[in-house]
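Engineer: build me a model:
(2 chains)
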Amino acid sequence: MAKVRGAIVVDIEKCKGCGLCVVACPSKVIDLAKEVNGKGYNYAYMSNPEACIGCANCAIVCPDTVISVYKVKTEANA
Amino acid sequence: MDIKDIIKEENLVYSKTKVLTDNVMHYCPGCTHGVVHKILAEVIDELNIQEKTIGVTPVGCAVLAYNYLHIDWQEAAHGRAPAVATAINRLYPEKYVFTYQGDGDLASIGAAEIIHACNRGEKMLVIFINNGIYGMTGGQMAPTTLEGMPTSTSPYGRDVKMTGQPLKITELIAQLPGTCYVTRQAAHTPAAVRKLKKAITKAFDNTGKKKGTSFIEVVSTCNSGWKLSPVKSNEWMVEHMFPYYPLGDMKDE
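Structural biologist: Numbers count the residues shown, from 1 in each chain, chains lettered A, B, ... in the order given. The predicted structure follows:
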């Protein structure tokens, strides 16, 4: 059975750290970083990248459209 | 599989649409305006009407919306966006005209304009952002503020004996014969955003077919004005705003 793997890329300097993506993620991939960006916001990042399924829910609710989503289908044993 | 193997051009499934500009939005973190701008841009891109769309911006936080979407815009005086949109619509009937207004703009000072524009059935789309507060000017009470809701001009909560009940303007608009599609949506979860996108697509379709006025209310948050975090504001909205402003289509002809 094919397994779906995903990944997100956050535009760190544009992220305002609102945290809406954190609650929108169904597989609890995203968290807010302890570090801050140039404006002093705790930006979003993938704290658990293995679990990402590339559903794009985080990107859809992001008010500042800073998230790009990538998705691949792989074989289960790959 | 390594993350670097996933992050490749051919695996991209979602990114910023080209209708949105690269400017950083001035909205507060977690503001619903950003989501609605993004969905508008995506619908305009998908329908391929970027060259034919003219937006009318309100007075309020969205006054600078023209910085964020690569389309033609016109700024209107406070509440007068439907009147300006009427003129644009009559001069350029082949264009897709929409107004983007908040509750202080549309439901208060612009109540006359919106009711008459909808009654005339002007062939346009109205996007109405309802967060129950005047966001830009410092969180004053709006006509749509809920009963008992504290704002900077009603610090002990809205007193309905003195100021009347919160105005359900979308229900009023739905009774007017000029409107063809009246709906109330939200943008707090991925599912709600997808529904909102469908509603905006349908509304632009109605505008293209010259059916009448399409009116989309988006129940929104104002986390700065409500003095809550973005996530808590969404929870507050679900708990308090949705019972008074229930989501769903009111009219679809």
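Engineer: can we go C-alpha only for contacts and neighbour counts from here?
Structural biologist: OK.
Engineer: burial check on residue 51, number of neighbours?
Structural biologist: As the question left the chain open, I've gone with chain A. By other C-alpha atoms under 10 Å in any protein chain shown, 17 other residues sit near A:A51.
Engineer: meant chain B actually
Structural biologist: By other C-alpha under 10 Å, the burial measure for B:E51, its neighbour count, is 13.
Engineer: same thing with the one 4 residues further on?
Structural biologist: Neighbour count of B:G55, defined by other C-alpha under 10 Å: 24.
Engineer: strands paired with the strand or helix carrying it, and their directions?
Structural biologist: Using DSSP states H and E, B:G55 falls within strand B:53-57. With DSSP bridges as the test, strand B:53-57 is paired with strand B:72-75 (parallel), strand B:96-102 (parallel).
Engineer: buried deepest among these, which one?
Structural biologist: strand B:96-102 (a mean of 27; mean count of other C-alpha atoms under 10 Å in any protein chain shown).
Engineer: just the element for the closest residue to B:I109 other than its chain neighbours, please.
Structural biologist: Closest residue to B:I109 apart from its sequence neighbours, by C-alpha to C-alpha, 6 or more residues apart in numbering or on different chains: B:G79 at 5.4 Å. Taking DSSP H and E as the definition, one finds B:G79 inside no helix or strand.
Engineer: what distance separates the start and the end of stretch B:60-69?
Structural biologist: Its start and end residues considered, stretch B:60-69 measures 17 Å (C-alpha to C-alpha, to the nearest Å).
Engineer: residues contacting residue 15?
Structural biologist: No chain specified, so I'll use chain A. Contacts for A:C15 (C-alpha atoms under 8 Å, 6 or more residues apart in numbering or on different chains) come out as A:Y41, A:Y43, A:A44, A:D64, A:V66.
Engineer: oops, I was thinking of chain B
Structural biologist: By C-alpha under 8 Å, 6+ apart, the contact list for B:S15 reads A:A59, A:T65, A:I67, A:S68, A:V69.
Engineer: what's the burial count for the closest residue to chain A within the stretch 51-200 of chain B?
Structural biologist: Closest to chain A within the stretch 51-200 of chain B is B:P190: 5.5 Å, counting by C-alpha to the nearest C-alpha. Look at B:P190: counted by other C-alpha under 10 Å, it has 19 neighbours.
Engineer: now B:M141
Structural biologist: Burial of B:M141 is recorded as 23 neighbouring residues (other C-alpha under 10 Å).
Engineer: strands of the chain, start to end?
Structural biologist: Because you didn't say which chain, this covers chain A. Assigned by DSSP state E, the strands in chain A fall at A:2-10, A:30-32, A:44-46, A:67-75.
Engineer: please go with chain B instead
Structural biologist: Here chain B has its strands, by DSSP E, at B:12-14, B:53-57, B:72-75, B:96-102, B:125-130, B:179-186, B:213-219, B:248-252.
Engineer: interface residues of chain B facing chain A?
Structural biologist: Proximity of chain B to chain A (C-alpha under 8 Å from any C-alpha of the partner chain) is limited to residues B:1, B:3, B:6-8, B:11-16, B:24-25, B:29-36, B:38, B:187-190, B:193, B:229-231.
Engineer: the strand holding B:G55 vs strand B:125-130, what angle?
Structural biologist: If you take axes from the mean of the first three to the mean of the last three C-alpha atoms, to 10 degrees, strand B:53-57 sits at 30 degrees to strand B:125-130.
Engineer: buried residues, stretch B:143-163. List them.
Structural biologist: B:P143, B:T144, B:T145, B:L146, B:E147, B:M149, B:P150, B:T151, B:G157, B:R158 (16 or more other C-alpha atoms under 10 Å in any protein chain shown).
Engineer: if we can go back for a sec, restrict the contacts of B:S15 to those near chain B?
Structural biologist: Okay, of the contacts of B:S15 touching chain B (C-alpha under 8 Å from any C-alpha), that's A:A59, A:T65, A:I67, A:S68, A:V69.
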